[in-house]
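Trainee: Requesting a structural model of the entry that follows:
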Amino acid sequence: MKIRIIGPVVRTRPRKETLEDYLNRLHKLTGVCDDTELESASIERGPPSIESRYDAIMASPDILRLIKEGEAGGADAVVVSCMGDPGVMAGKELVNIPVLGPCETSMLVASTLADKISIVTVLQNEVCAIKDNIRSYNLSQKLASVRAVNIPVLELSQDTERTVDALVEESEKAIKEDGAKAIILGCTGMTGLGQKLAERIDVPVLDPLLVTVKFAEMLVRLGLKQSKLTFPTTPQKKMFGYK
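Mentor: This next block holds a predicted model:
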């Protein structure tokens, strides 16, 4: 089995680890089976981070290209690594393999664990966009709140201790003030910090990229994918200005 993980941002800075090391770390963190191959692809046109609806829309054309290329290259499922789920709904129409976004998937999984869920994201201007997504998934009744740590995406890994402390602070507020009984990390740039947060609060913590990759593996093994009655194949036509 092969799962393609799409990075929906243009990489403008050198990786702190090699791509091979990153995929090996992700393989270990997700707990996918040994015979599950993870591959990574990043957009070449679009923003360096996604922190608004505008960013998400600008990233989407290249995301869709990578989704289509993934299916053509033998991928069994695709995960778009962003809590904005950019391009995911359109991608479900474009291909015949599962296409998953961390926002929808982690909310669905969290809903099996708790009746009220809070998402702790990066910046305040992401709050409304995430709420819009949750509303479109018919999951608003499960959402306790969306809070922000007010740390830009590109700064999340510069001071991990600061990021975790901010996550703890906002998560505790979500639990005490908003009634949250589970927490979802609100950015895949926080991947790997879920365990650190879980050690300091008393509710389930979902690391959305890890949950979504593992969920994708489950769908493939069960032979499941999106319904083409809900996501009918897009009519073939020339798109001017695009290959």
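Trainee: Show the low-confidence segments of the protein, by residue range.
Mentor: Filtered on pLDDT under 70, the chain yields the residue ranges 13-14, 243.
Trainee: Check which residues of stretch 121-130 are buried.
Mentor: Within stretch 121-130, the residues scored as buried using 16 or more other C-beta atoms under 10 Å are T121, V122, L123, E126, V127, A129, I130. In this view, the C-beta of every residue, glycine as well, is placed from N, C-alpha and C.
Trainee: Which ones among those map onto helices?
Mentor: Those of the buried residues of stretch 121-130 mapping onto helices are V127, A129, I130, per DSSP state H.
Trainee: Turn those into JSON lines, columns for distance to V79.
Mentor: Putting these into JSON lines (distance: C-beta to C-beta, whole Å) gives the following:
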{"residue": "V127", "distance to V79": "23"}
{"residue": "A129", "distance to V79": "19"}
{"residue": "I130", "distance to V79": "18"}
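Trainee: What is the nearest of those residues to C33?
Mentor: I130 (31.1 Å; C-beta to C-beta).
Trainee: contacting residues around the closest one?
Mentor: For I130, the contacting residues are M83, G84, C103, I119, T121, V146, G186, by C-beta atoms under 8 Å, 6 or more residues apart in numbering.
Trainee: Also K214?
Mentor: Contacts for K214 (C-beta under 8 Å, 6+ apart) come out as T30, G31, V32.
Trainee: ok, the first one to T163 distance?
Mentor: Okay, so that is T30. To T163, T30 is 21 Å away according to C-beta to C-beta, to the nearest Å.
Trainee: Same check on the last one?
Mentor: For V32, the distance to T163 (C-beta to C-beta) stands at 25 Å.
Trainee: Nearest to M58 among the ones in helices among the buried residues of stretch 121-130?
Mentor: Using C-beta to C-beta, A129 comes nearest to M58 of these, at 13.6 Å.
Trainee: Correct me if wrong: the closest one contacts A56.
Mentor: Yes - assessed by C-beta atoms under 8 Å, A129 is found in contact with A56 at 7.3 Å.
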